[in-house]
Structures are given as C-alpha cells and as structure tokens.
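> What follows is a predicted protein model with its sequence.
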Amino acid sequence: MVSIKDIANACGCSAATVSKALNDHDDVGSATKKRVRETAKQLGYLPNSMARALKTKKTYNIGVLMVDKANSGLKHHYFAAILDSFKVIMEQNGYDLTFISNQIGDEAYSYYEHCMYRNVDGVLAACVDFNASEVQRLLSSDFPIVSIDHVEAGGYAVVSDNEKGMRDALAFALEQGHERIAYIYGEDSQVTSARVEAFCEVIRVHQHDVKKTYLRQAKYLDADLSYQITLELLRSEERPTCILYPDDICALAGVSAIREEGLRIGKDISVIGYDGTPLLRMLRPTITTIAQDTEAMGRKAADMLLRLLRKEEIPQEERVQFCSGDLMKGETVGTPD
C-alpha cells in the first residue's frame, strides 16, 4: 500500500508537506499541491478513512433514516428520488452514506445508538415515523439533522409544499366542473394534515360543506386498501365524480376498481394521484398527478446539512425550505357527464 512517505520520497519533500497538500492547507503553495496530488494519483495512493477521522475529527459519513411504517424504504419512489439527488451532492463533497436502523447484526439498537456506533457526522431523516419515541430521541440529540417533510421546533427541514399541491389538484378538478369530489388520504403526519386541511378549506369555499363520506383515510402506498375504499365510494348512494388519492400507486389501484365496476375513467369517474411517479406516466390512461420536485428537495437538503456540518449560522427563516410541485395533466380527469 502506498504511504505518505512514498509520495514524499517521490516528490522530494517532507511527509508533513505531503499531508498538508493532500488536505488543502493554506500554507502549501498551489504548485506544490498540484505536484503532490498528481504524484499520489500516479502511485495509486488512497487515503485511510480512519486516519483522516483521527486528524479531522470527522468521519465524512452521513446517516440516512428511511424506515417507514410500510417498510417501503428505497421502494418508495418519492423518497428514493430525493435520496438520489441528496447523495450526488454529498458525494461531491466527500461524504459517504450509511443507512440507519435499529438492528446491527443480532443486537437491537436505537437509531441514536446506531448513529453513535457508526460515528456519523450528520443525519438525513427522510422516511420515518417522526412521532416514534426513538426518532424523537435522535431529533433532540446533538447530531446535525435535516428532515424531509417534517418540521420539528427549532429543527431544519426541506418540505414539499403539500398545501399548494392539493390546491392545484382541486382547482383543476373544479375547473372541469366536478362538484362531488372525494379524497382518500394517508396516515397521520404533517404531510397528511397539510393536504387534508387544504382540501377541506377549498371545498368549503366552493361548496360550503365537506361530505364526511367523501373524506376517507387509507395508508400511503397501500394499493389494496385504496382499492377497497374506492369500491365503497363507487357503490355509495351518491358516488363522487372525482377521487383524489394519497399517491400514484393508490391512484392506479383506484383505476382498477373503477374499471371493475364497468365505469369509464375520465368520463364517469376522474382520478388524481400524487407524486408524479415517472414509470406510471407510461401507463394508459396517464394519471393526472402532482409531480413533486424531488431533485430540488434532495439538493436543498444536502446544501442545508453541509452548512450545518460547516457550523454555519443558518437564519431562522432559512431553516425550513419549501419546494413546489407541478400539476401534470393526464387522461384520468375529464368533464363529468
């Protein structure tokens, strides 16, 4: 294995100079830095992460918490897309990612204990039950943490503008002439609360009353449950003409239920999803949906965490950043007959 001494001998300088050059210290000239780095590359030198951690007091390791109730993890397109964007920025800045769980081998650990065990520099909490006690323990720790779609008092977060997304979806349905609009929503969370509150407010403004039978709780990514609730809505005495869903997977399940009842998509019943899952846009009929800006969310989360890791002062007004999505019109919404 190539050592710093080998590079020093090849360059004709001291090991201390090589170390400073590789770590971009200001007291080494740019020409020397260039020569040292080129020599290190030619010799095949790779820095030792443990040695670097001892010197810098940093592991350059970021913990990622993606453990939701449905155990969807990386199968959840929305969070996986955010993580992909986040990963690109963090890797460009020299950081590796480690997934945090409450299990290491056969031993049970809390999320906080796992972060301590891995000695992570910071944490991205992207897909998790934020009400769980062990998550709250981690959020209240000294680790620099950025959360996705959850705002903790005094914390740092990047949030999709769910209120605007719901308003845009409803505005489009109302423009098409829909008056009987149902909403199947997900589990209790800040995301769900923002969407449900926006839905009820818009409906009250336009129709003065929210029918309780049109507001039904399901679970995110639970196709079977959304399918069953859709059938119940379709078989009700006054069925809705448009149904909104918590995500595109559930919307696709709703399309199947509508077809089973012999009804026409976009004619008898209109459907609106959420997330803008690219693969589902290839299916017919194309689902009308709110496409969330996952690329911007991942990038903003990385930028914010890097600022925290650099111990920069982040003003209160910048600690929660919102990203707006876009209405993607498809073939599942039409004018009711």
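Here it is on my side, so go on.
> use CA for all of it now, contacts and neighbours both
Noted.
> Where does residue 305 sit: helix, strand or coil?
Secondary structure state of residue 305, per DSSP: H, G, I helix; E, B strand; the rest coil, is helix.
> Just give the nearest non-adjacent residue to it, would you?
Counting by C-alpha to C-alpha, 6 or more residues apart in numbering, the nearest residue to residue 305 once its immediate chain neighbours are dropped is residue 146, at 6.2 Å.
> need the contact list for that neighbour.
Each residue near residue 146 by C-alpha atoms under 8 Å, 6 or more residues apart in numbering is listed here: 123, 124, 125, 155, 156, 157, 158, 301, 304, 305.
> Please report which of the residues you listed has the highest neighbour count.
Counting neighbours by other C-alpha atoms under 10 Å, residue 301 leads the contacts of residue 146 with 30 neighbours.
> Give me the mean pLDDT for the helix or strand in which that one is found.
Assigned by DSSP states H and E, residue 301 falls within helix 294-309. Averaging pLDDT along helix 294-309 yields 96.
> That helix packs against which elements?
Counting contacts by 3 or more C-alpha pairs under 8 Å, 6 or more residues apart in numbering; DSSP states H and E, helix 294-309 is packed against helix 77-92, strand 122-128, strand 145-148, strand 156-160, strand 320-323.
> Can you list the buried residues in stretch 2-22?
Of all the residues in stretch 2-22, those buried under the rule 16 or more other C-alpha atoms under 10 Å are 4, 6, 7, 8, 11, 15, 17, 18, 19, 21, 22.
> Backbone dihedrals for the second one, please?
Spelled out, that is residue 6. phi -60, psi -40 (degrees, to the nearest 10).
> Distance check, it against residue 147.
Counting by C-alpha to C-alpha, to the nearest Å, the gap from residue 6 to residue 147 is 44 Å.
> Kindly report the same for the third one.
As for residue 7, its distance to residue 147 is 42 Å (criterion: C-alpha to C-alpha).
> what does the fourth one give?
In this structure, residue 8 and residue 147 are 44 Å apart, going by C-alpha to C-alpha.
> excluding its backbone neighbours, what's nearest residue 217?
Nearest-residue entry for residue 217: residue 185, 5.0 Å, with adjacent residues in sequence omitted and distances by C-alpha to C-alpha, 6+ apart.
> what does residue 204 give?
Excluding its sequence neighbours, the residue lying closest to residue 204 (C-alpha to C-alpha, 6+ apart) is residue 210, at 6.3 Å.
> that's a strand at that neighbour, yeah?
No: in this structure, residue 210 is coil, not part of a strand, as judged by three-state DSSP.
> That one contacts residue 199, doesn't it?
No: assessed by C-alpha atoms under 8 Å, residue 210 is found out of contact with residue 199, at 9.0 Å.
> Could you point out the helix or strand that follows the helix-or-strand element of the chain with minimal mean pLDDT?
Every helix and strand in the chain was compared by mean pLDDT, DSSP states H and E; the lowest is helix 49-56, with a mean of 53. Using DSSP H and E, the next helix or strand after helix 49-56 towards the C-terminus is strand 61-67.
> still on that earlier bit, now the buried residues of stretch 2-22 in a markdown table, with distance to residue 35 and secondary structure?
Below are the buried residues of stretch 2-22 laid out as a markdown table (distance: C-alpha to C-alpha, whole Å; DSSP: H, G, I helix; E, B strand; the rest coil):
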| residue | distance to residue 35 | secondary structure |
| --- | --- | --- |
| 4 | 14 | helix |
| 6 | 14 | helix |
| 7 | 10 | helix |
| 8 | 11 | helix |
| 11 | 7 | helix |
| 15 | 14 | helix |
| 17 | 11 | helix |
| 18 | 10 | helix |
| 19 | 13 | helix |
| 21 | 9 | helix |
| 22 | 10 | helix |
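> Go through those residues and name the one nearest residue 314.
residue 22 (29.7 Å; C-alpha to C-alpha).
> what sits against that closest one?
Residues near residue 22 by C-alpha under 8 Å, 6+ apart: 33, 36, 37.
> I'd like those written out as CSV, with distance to residue 319, secondary structure and pLDDT added.
Listed next are the contacts of residue 22 as CSV, based on distance: C-alpha to C-alpha, whole Å; DSSP: H, G, I helix; E, B strand; the rest coil; pLDDT from 0 to 100:
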residue, distance to residue 319, secondary structure, pLDDT
33, 37, helix, 90
36, 40, helix, 90
37, 37, helix, 89
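> For the residues you listed, which entry has the maximal number of neighbours?
residue 36 (25 neighbours).
> quick one on the thing from earlier: higher neighbour count, residue 210 and residue 199?
Per other C-alpha under 10 Å, whichever of residue 210 and residue 199 has more neighbours is residue 199, with 22 against 18.
> Give the helix, strand or coil label for that one.
The three-state label given to residue 199 by three-state DSSP is helix.
> Please report the distance of it from residue 189.
Between residue 199 and residue 189 the distance is 15 Å, computed by C-alpha to C-alpha.
> pLDDT weak spots in the stretch 151-300 of the chain?
208 (pLDDT under 70).
> let's go with 50 and repeat that
Residues of the stretch 151-300 of the chain meeting the criterion pLDDT under 50: none.
> tell me the centre residue of the chain?
Closest residue to the average C-alpha location of the chain: residue 79 at 3.6 Å, with C-alpha atoms, centre = their mean.
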